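**Student:** Show me the folded form of this:
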Amino acid sequence: MPRVAITDAPTDGRRKRRADATERVGGQVAAYRKERHLKVSELARAVGVSPSLISQIERGQSQPSVSTLFALAEALDVPVDAFFAEGGKENGGATERSSQTRAAEPTDASQEPGQGTRYVVRRDGRAVIDIEGGVHWERLTPETLPDVEFLELVYAPGAESHPELYRHPGSEMVLVLKGRLDIFVGFERYELAVGDSIHFPSTFPHRYINPGDEEARAVTVILHDGGPRPPDGEQRRP
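**Tutor:** As a prediction, this is how the structure comes out:
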């Protein structure tokens, strides 16, 4: 099977999407909160953070951590990738977790049959999000899906998902494409190099970290299926 080269240098289009990502997250959080008639203080209490942090996120002045992003998605009843730049509805409308997927229309009429964007996501056309701590996610599906998320994770050198263990509903699978990721699940640490993979319940306390001095990339699939509960000794959340 031929090896496919992965180009890491971002194009101008990808740079612009990254620059817009923080503002996009804030606008989506505010839109979902207002649609659910929640006050900032009520959403903050549900997420477990301060109202000032919610306000900063909504104004695009702060990036949520991975754990805060999952908590926001759970509190607002939306998939995590509903917050992505170019994801969901462009004007801030909510994309419910239970809604049906809308097929994307091809944007390049010059493409040959079968080469449009209804099923295919071009590298420069991915929905993206930047997260606190040097973490960047790119969605690998054309639209938000109701029961699964298919993402590429990019961790800068030394980046981590959160300083503490966190958990959320579902289960996740990870395949490392470049560099190294250390994934903590409960009291265990798993060192994953290129080609290594892991599957674990997201309900178990966990965190990701790139301990190396080069960028780490991985593909992950997150299933919204609940999964088993962690043992009593691991009921820990930041």
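
**Student:** Could you give the backbone dihedrals for L43?
**Tutor:** Torsion angles at L43 (phi, psi; degrees, to the nearest 10) stand at phi -70, psi -40.

**Student:** In what element of secondary structure is the nearest residue to it once chain neighbours are set aside found?
**Tutor:** With sequence-adjacent residues excluded and distances taken as CB to CB, 6 or more residues apart in numbering, L43 is closest to R33, at 5.2 Å. Every C-beta, even on glycine, is put in place using the N, C-alpha and C of the backbone. Secondary structure from DSSP states H and E places R33 in helix 12-35.

**Student:** domains of the protein?
**Tutor:** Per automatic domain parsing, the structural domains of the chain span 12-83, 147-234.

**Student:** among the ones you listed, which is nearest E132?
**Tutor:** domain 12-83 (4.2 Å; CB to CB).

**Student:** where in this structure is pLDDT low?
**Tutor:** 1-21, 86-117, 226-238 (pLDDT under 70).

**Student:** now the strands: where do they sit in it?
**Tutor:** For the chain, the strands defined by DSSP state E cover 128-131, 135-139, 148-155, 171-178, 181-185, 188-192, 197-201, 206-209, 216-223.

**Student:** could you dump the first one to PDB, C-alpha only?
**Tutor:** To tie it back to what came earlier, the one meant is strand 128-131. Extracted C-alpha coordinates of strand 128-131, given in PDB (Å, rounded to 0.1, in the frame of the first residue of the first chain):
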ATOM      1  CA  VAL A 128     -11.300  23.800  12.900                       C
ATOM      2  CA  ILE A 129     -11.000  24.900  16.500                       C
ATOM      3  CA  ASP A 130      -8.100  26.200  18.700                       C
ATOM      4  CA  ILE A 131      -8.100  25.200  22.300                       C
END
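
**Student:** helices or strands up against that strand?
**Tutor:** helix 12-35, helix 66-76, strand 135-139 (3 or more CB pairs under 8 Å, 6 or more residues apart in numbering; DSSP states H and E).

**Student:** Also the last one?
**Tutor:** Counting contacts by 3+ CB pairs under 8 Å, 6+ apart, the secondary-structure elements packed against strand 216-223 are strand 148-155, strand 171-178.

**Student:** Give me whichever of the ones you listed is most buried.
**Tutor:** Each of the helices and strands packed on strand 216-223 was scored by mean neighbour count; the highest is strand 148-155, a mean of 21, by mean count of other CB atoms under 10 Å.

**Student:** Just want the angle from that one to strand 171-178.
**Tutor:** Between strand 148-155 and strand 171-178, the angle comes out at 40 degrees (axes from the mean of the first three to the mean of the last three CA atoms, to 10 degrees).

**Student:** contacts for strand 148-155?
**Tutor:** Residues outside strand 148-155 that contact it (CB atoms under 8 Å, 6 or more residues apart in numbering): 79-81, 126, 134-141, 174, 177, 179, 181, 208-210, 215-224.

**Student:** picking up where we left off before, count of residues packed around the residue nearest to L43?
**Tutor:** 20 (other CB atoms under 10 Å).

**Student:** so it sits right up against V40, yeah?
**Tutor:** Yes: between R33 and V40 there is a contact at 7.3 Å, judged by CB atoms under 8 Å.

**Student:** Spell out which residues are contacts of both of these two.
**Tutor:** Taking CB under 8 Å, 6+ apart as the criterion, R33 and V40 both touch 54, 58.

**Student:** Deepest-packed of the domains of the chain, please.
**Tutor:** Ranked by average neighbour count under the criterion mean count of other CB under 10 Å, the domains of the chain are headed by domain 12-83 at a mean of 19.
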